[in-house]
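> here is a sequence with its predicted model. Questions after.
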Amino acid sequence: MSRAAALALAAAMATVAPSPAAGQAAKGKYLIVLQAGRSGAEGFSRATTALRTARELHDQGHAVAVVFDGVGTLWVEEGTRTQSRSKLKPLIDALTQRKIPWSVCEICSVEYMIRDRLKQRKIPLEGGQGHPSLVKWLEQSYQPLIF
């Protein structure tokens, strides 16, 4: 590698991300997309892991947001009912309690016929005539984690 190329590479690497302060890890930005369905143990496991990961990232000082997409929207319908006995209810409630931004894909809520119930509960819907924009989050340097 030529000296000029090495200098250019070193300069580029220096501008990618600032070094964390001594003894501190750099904090990241994460978008958790929950698409796992409710059928079977695998779907439940993926859903709980997604929401626990969001809580853990937030509690460790990372920026985090959650989008319920596809069949994953059904978890919100189930977990936000007043009398819900869903094991996900406390995890969904924790998003609001911790002020973690979260939303539900509006077009998917229409597809699964739950939009009106979610609107009545004042659940944040995103996407309008399309799915929520992944590009919006990528442009803000969020790393997507899809469950």
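Cool, the structure landed.
> my read is that residue 48 contacts residue 87, right?
Yes - judged on Cβ atoms under 8 Å, residue 48 makes contact with residue 87 at a distance of 7.2 Å. In this view, the C-beta of every residue, glycine as well, is placed from N, C-alpha and C.
> so these two - more neighbours on which side?
In this view residue 48 and residue 87 are compared by other Cβ atoms under 10 Å, and residue 48 has more residues nearby, 16 against 12.
> that one: which element?
helix 40-59 (DSSP states H and E).
> ok, residues contacting the helix or strand following that helix?
Sequence-wise, the next helix or strand downstream of helix 40-59 (DSSP H and E) is strand 63-68. For strand 63-68, the surrounding residues in contact (Cβ atoms under 8 Å, 6 or more residues apart in numbering) are 27-34, 50-51, 54, 57-58, 75-76, 95, 100-105, 108, 126, 132, 137, 142.
> tilt between strand 63-68 and helix 40-59?
Direction vectors for strand 63-68 and helix 40-59, defined by axes from the mean of the first three to the mean of the last three Cα atoms, to 10 degrees, enclose an angle of 150 degrees.
> how far out from the middle of the chain is strand 63-68?
Its chain's C-alpha centre and that of strand 63-68 lie 2 Å apart, by Cα atoms, centre = their mean, to the nearest Å.
> give the contact list for residue 141.
The neighbours of residue 141, taking Cβ under 8 Å, 6+ apart as the test, are residue 29.
> for it, give its distance to residue 124.
Using Cβ to Cβ, to the nearest Å, residue 141 is found at 22 Å from residue 124.
> ditto for residue 66
10 Å.
> higher neighbour count, those two?
With other Cβ under 10 Å as the criterion, residue 66 and residue 124 differ in neighbour count, and residue 66 comes out ahead with 27 against 14.
> what about the residue lying closest to the more buried one once chain neighbours are set aside, neighbour count?
Nearest residue to residue 66, sequence neighbours excluded (Cβ to Cβ, 6 or more residues apart in numbering): residue 102, at 4.0 Å. When neighbours are defined as other Cβ under 10 Å, residue 102 has 21 of them.
> verify the contact between residue 127 and residue 111 for me.
No - using Cβ under 8 Å as the test, residue 127 is too far from residue 111 to be in contact (11.4 Å).
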